[in-house]
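> Generate a structure from the sequence data that follows.
(one chain, ligands or ions: 1)
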Amino acid sequence: MSIEKKENKSETYRLLLRQIDALLNPNEPLLTGFANITGALKETFPEISWVGFYFVKNNYLFLGPFQGKVACTRIKIGEGVCGTCANNKETQVVPNVHEFPGHIACDVESNSEIVIPIIFKENVYGVLDLDSKEFSAFNETDKTWLEKLAELISKKLDLTKNIID
Ligand code: SME
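You can find the predicted model right below:
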């Protein structure tokens, strides 16, 4: 799948979400859809060095489908950027990861990050994490559209099904 690149980032996201909507099939296993979302994001935005999902189990986030270098397999809820996002149920936009207290450096080359919670009926089921080697790679436009993506995921897929054992 290739997404037509647009000068306007919002327009790129609009097209991307339309394609992801078409890709997500509620009758297929959840991981199938999550895997394709990571591919679609990585292909669309060259500034992304790592993109992937972590899913909640007990008091931890466990690594799900991703694109990029090998990453930490588990993160305690409340720790790092991902654990903070899951704990607060709020998107974390981090222009400089070196200034984020407790940031977990999976990739030493990462300089900025955005993490979006995946929520259904006020429960957090996981997070979507995007990293970049560029500083300030993600802004309010990314936040707006990635939150729309998280909404699409929770509307289209049954998150109450067991995502990870
Ligand atoms: N930096 C994240 C850890 C996950 S990796 O970036 C893939 C964090 O601080 O939670």
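
> Only C-alpha atoms from now on, for both contacts and neighbour counts.
Noted.

> dump the residue contacts of the residue nearest the centre of the chain.
By CA atoms, centre = their mean, the mean C-alpha position of the chain lies nearest to Leu128, the distance being 1.8 Å. The neighbours of Leu128, taking CA atoms under 8 Å, 6 or more residues apart in numbering as the test, are 51-54, 115-118.

> Please, which helix or strand holds it?
strand 123-132 (DSSP states H and E).

> list the buried ones in that strand?
Across strand 123-132, burial judged by 16 or more other CA atoms under 10 Å covers 124-132.

> With distance to the ligand added, can I get those in JSON lines?
As requested, the buried residues of strand 123-132 are exported to JSON lines (distance: CA to the nearest ligand atom, whole Å):
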{"residue": "Val124", "distance to the ligand": "15"}
{"residue": "Tyr125", "distance to the ligand": "15"}
{"residue": "Gly126", "distance to the ligand": "12"}
{"residue": "Val127", "distance to the ligand": "10"}
{"residue": "Leu128", "distance to the ligand": "10"}
{"residue": "Asp129", "distance to the ligand": "7"}
{"residue": "Leu130", "distance to the ligand": "7"}
{"residue": "Asp131", "distance to the ligand": "6"}
{"residue": "Ser132", "distance to the ligand": "9"}
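
> separation between the closest residue to Asn59 other than its chain neighbours and the ligand?
Spatially, and ignoring its direct neighbours in sequence, Asn59 is nearest to Ile77 (5.7 Å; CA to CA, 6 or more residues apart in numbering). Distance of Ile77 to the ligand, computed by CA to the nearest ligand atom, to the nearest Å: 9 Å.

> Ile77: neighbour count?
20 (other CA atoms under 10 Å).

> contacting residues for it?
Ile77 makes contacts with 59-61, 83-84, 86-87, as judged by CA under 8 Å, 6+ apart.

> Hmm, Phe66 is touching Phe53, no?
Yes - the criterion here is CA atoms under 8 Å, and Phe66 meets it with Phe53 at 6.3 Å.

> Which one's more surrounded, those two?
The neighbour count for Phe66 versus Phe53, taken as other CA under 10 Å, is higher for Phe53 (27 against 23).

> which residues touch that one?
34, 38, 63-66, 126-129.

> and if you look at Leu24?
Listed by CA under 8 Å, 6+ apart, the contact set of Leu24 reads 33, 156-157.
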